[in-house]
Every structure is written in C-alpha cells, then in structure tokens.
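Enquirer: All I have is the shape, not the residue letters:
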C-alpha cells in the first residue's frame, strides 16, 4: 500500500510539473508574440525550445529515479534472502517439534524414534548452515548471486572457520587443495582483509577451468589464481586404520605447479577426492608444512570421515610440533597449527 501511495504521489507530481511546463511553453511565447518583441516564427521556435527543455528535464528525473531503484536492488535481495533462509530454518524446527509431539502416537516403537532423530539432526544442520551462509554474505559483502555450497562443495560453517582465520592471520598466501565454490568465498575474504592471494589447486583440468570462469565472473582475478595439477604417482605405504592395515593412495598432486609456493599462511585441505584412494589427503602436510610460516594454520575438511581423521592422526605423530583443534562443523573440521604459535 505504501509503495502504491508513493507511486501515485510521484505520478501526480509529474503530471503537475508537466501541466506547468505546458502552460509556460504556451503562455510565454504567446505573450511575446502579442506584445511584439518576437515574430510569430520566433515565438514558435521559442515554444519548441521550451518544450524540448521540459522533455529533457522530465527524462533526467526519470533516469535519476530509475538509478535509485536499481541501486536498491542488491540490498532488497539480501534482505529477501535473509528472510527466506530464516523462514526455512524456522519451518524445519517447527516440523521437528511437531514430529516430537506426535511420534508417540505412531505405530511401532523404533521407527518414529529413528525418524525423529534423523529429522532433528537434519533440521539442526540445515539451520546452522543457513545461519553461517547469512553471516558470510553480510560480513564479506559478496555479489548478489554466489556459487552454492554444501554437497560436494564445502559447507558454509567450514568457510566461516576459514574466514575467521583469514581475518586473524591476514595471510599473504592461502593455498587451497581442491578448487570450486569455496575459492570464490575465500577470494572475497581476502579482498575484505585488504591483501593476500589464493592459489587454488585442482587435479581436474575441466573443473579448474570452470573455477577460473567463476573467478572472472566475480572480478577476483587479482586475488585468486587457479592452477591445474594433475595427479601424479607417489610412493604408497601400508598403515593401520581402525585396526585394519590399508595401503595408502599412490597418487597426489603433481609437485611442479606447487614448487613456487612459499610463505604460506593458511592451507585448506579439501582434495584430492576420496575415490582417489585411502588417506589421499595425508601428503598435504609433508609437502606444504615446510613452506608455511610459523603461525600458519592448516584446515582439514571432511574430518568426520575415517581416512581424514587417520591422516590427521599421522600428522600429529610425525610432526609433534603440531596441535589439533576440532571444530563442530557439518562435515567435521580439524585445524592444525604449531604449538606456541
């Protein structure tokens, strides 16, 4: 209703201004012609000039109003996105509460309880990710349309952990193993920090090119560099994981594209992908830790998985200067840093 009233007021004002302009255009030249200072032809030319000026002024006002309307679109979109995510979170929690209240009436002693546990956990995860997504957008002042997270991509809560460390450390160099949507969000975090760059490594040439296209679309080419490092053979070994002896992956990133990386302040280990082999992310620390600053942080994603936890355990055993902090994120996040740093 308020928008309608504002639009109606604007139209009335525009109509009044147009009427006044027409009156001036008609009356002034007519008076000049009657009183004699100008000939009828000159009066007509003057009237046309006045009319053209009025049209230009009206066009200028219209363009100014349009510019103001367009400038308000990103803020309106952010407000709408925040309202939608909050509403979805509330709806999920309401569904969970409703299920809690009626589950005792459903037949069967175990099915309702198991279903309730699944929905409760999912609702809690969804709500936490929506909160993290909203916080990231507001803190980083991102573009209106950002690449989606979760699923194969990193979750909003692990990115929130990364952003927190970037704000604290202000690293000159961030290395990401496994490029994608997270590369864009990290790029915005570095831009907000005011300095630093990201080198994102990907074993898949096609996916690396897709990430480069996203980087260009967001205007982050001066902050984010995507490098293709195909998987190359490394020495595999046998280790014990959960009482079982397994053979580790015999592939990791080609070391050549990583050769110039020095003074690393933060490493995000989100690749290579799990199907590559057992404990496939273990080589990250042996290769990159010697190139890290003393206060550097290594963030391991998917740490709830058996192999990622086992890789972290090996890091702590082989590099006693490291300590581990576990973050309660959707997929599990372990943060490694040097003791005393």
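Expert: That came in fine, so what should we check first? All of these numbers come straight from a predicted model, not from anything done at the bench.

Enquirer: Tell me where this protein has helices.
Expert: With DSSP state H as the criterion, the chain has helices at 2-35, 40-71, 73-102, 111-140, 156-169, 181-193, 205-217, 284-288, 306-318.

Enquirer: From residue 125, how far off is residue 160?
Expert: Using C-beta to C-beta, to the nearest Å, residue 160 is found at 14 Å from residue 125. No exception for glycine: its C-beta is placed from N, CA and C like everyone else's.

Enquirer: More neighbours: which of the two?
Expert: A direct count of neighbours by other C-beta atoms under 10 Å for residue 160 and residue 125 places residue 160 higher, at 22 against 17.

Enquirer: OK, contacts around that one?
Expert: Residues near residue 160 by C-beta atoms under 8 Å, 6 or more residues apart in numbering: 132, 135, 136.

Enquirer: 10 Å instead?
Expert: 128-129, 131-133, 135-136, 139, 185, 189, 327, 329, 333 (C-beta atoms under 10 Å, 6 or more residues apart in numbering).

Enquirer: Could you do residue 190 as well?
Expert: Counting by C-beta under 10 Å, 6+ apart, residue 190 has contacts 140, 163, 166, 170-174, 196-198, 220, 223-224, 266.

Enquirer: Same check on residue 261?
Expert: The neighbours of residue 261, taking C-beta under 10 Å, 6+ apart as the test, are 173, 175, 199, 201, 227, 267, 287, 288, 291, 292.

Enquirer: okay, now the last one: neighbour count?
Expert: Spelled out, it's residue 292. 23.

Enquirer: how near is it to residue 261?
Expert: To residue 261, residue 292 is 9 Å away according to C-beta to C-beta.

Enquirer: any shared contact partners between these two?
Expert: Each of 173, 175, 267 lies in contact with both residue 292 and residue 261 under the rule C-beta under 10 Å, 6+ apart.

Enquirer: On the strand side of things, show who the last one bridges to.
Expert: This means residue 267. Bridge pairing for residue 267 (DSSP bridges) gives the partners residue 175, residue 298.

Enquirer: count of residues packed around it?
Expert: 25.

Enquirer: Same check on the one 3 residues further on?
Expert: Around residue 270 there are 25 other residues, counting by other C-beta under 10 Å.

Enquirer: hang on, the earlier thing: top of the contacts of residue 190 by neighbour count?
Expert: Tallying neighbours with other C-beta under 10 Å puts residue 174 at the head of the contacts of residue 190, with 30 neighbours.

Enquirer: quick one: contacts for that residue?
Expert: Shown in contact with residue 174 (C-beta under 10 Å, 6+ apart): 162, 165-166, 183, 186-187, 189-190, 193, 196-200, 223-224, 264-268, 296-297, 299.

Enquirer: how about a cut-off of 8 Å?
Expert: 166, 186, 190, 196, 197, 198, 199, 264, 265, 266, 267, 268.

Enquirer: so which of these comes closest to residue 252?
Expert: When the contacts of residue 174 are compared for distance to residue 252 (C-beta to C-beta), residue 267 comes out closest, at 14.1 Å.

Enquirer: The closest one and residue 287, how far apart?
Expert: Here residue 267 is placed at a distance of 10 Å from residue 287 (C-beta to C-beta).

Enquirer: Could you measure from the closest residue to residue 250 other than its chain neighbours over to residue 249?
Expert: Using C-beta to C-beta, 6 or more residues apart in numbering and skipping residues adjacent in sequence, the residue nearest residue 250 is residue 236, 4.0 Å away. Residue 236 sits 7 Å away from residue 249, going by C-beta to C-beta.

Enquirer: Between the two, point out the one with more neighbours.
Expert: Between residue 236 and residue 249, residue 249 has the larger neighbour count (other C-beta under 10 Å), namely 22 against 14.

Enquirer: any idea how far that one lies from residue 281?
Expert: Taking C-beta to C-beta as the criterion, residue 249 is separated from residue 281 by 9 Å.

Enquirer: how's this structure carved up into domains?
Expert: Taking automatic domain parsing as the criterion, the chain consists of the domains 2-71, 77-140, 156-338.

Enquirer: Give me the average confidence score over the longest one.
Expert: Over the span of domain 156-338, the pLDDT mean works out to 95.

Enquirer: In space, what's closest to residue 163 - neighbours in sequence excluded?
Expert: Closest residue to residue 163 apart from its sequence neighbours, by C-beta to C-beta, 6+ apart: residue 189 at 4.6 Å.
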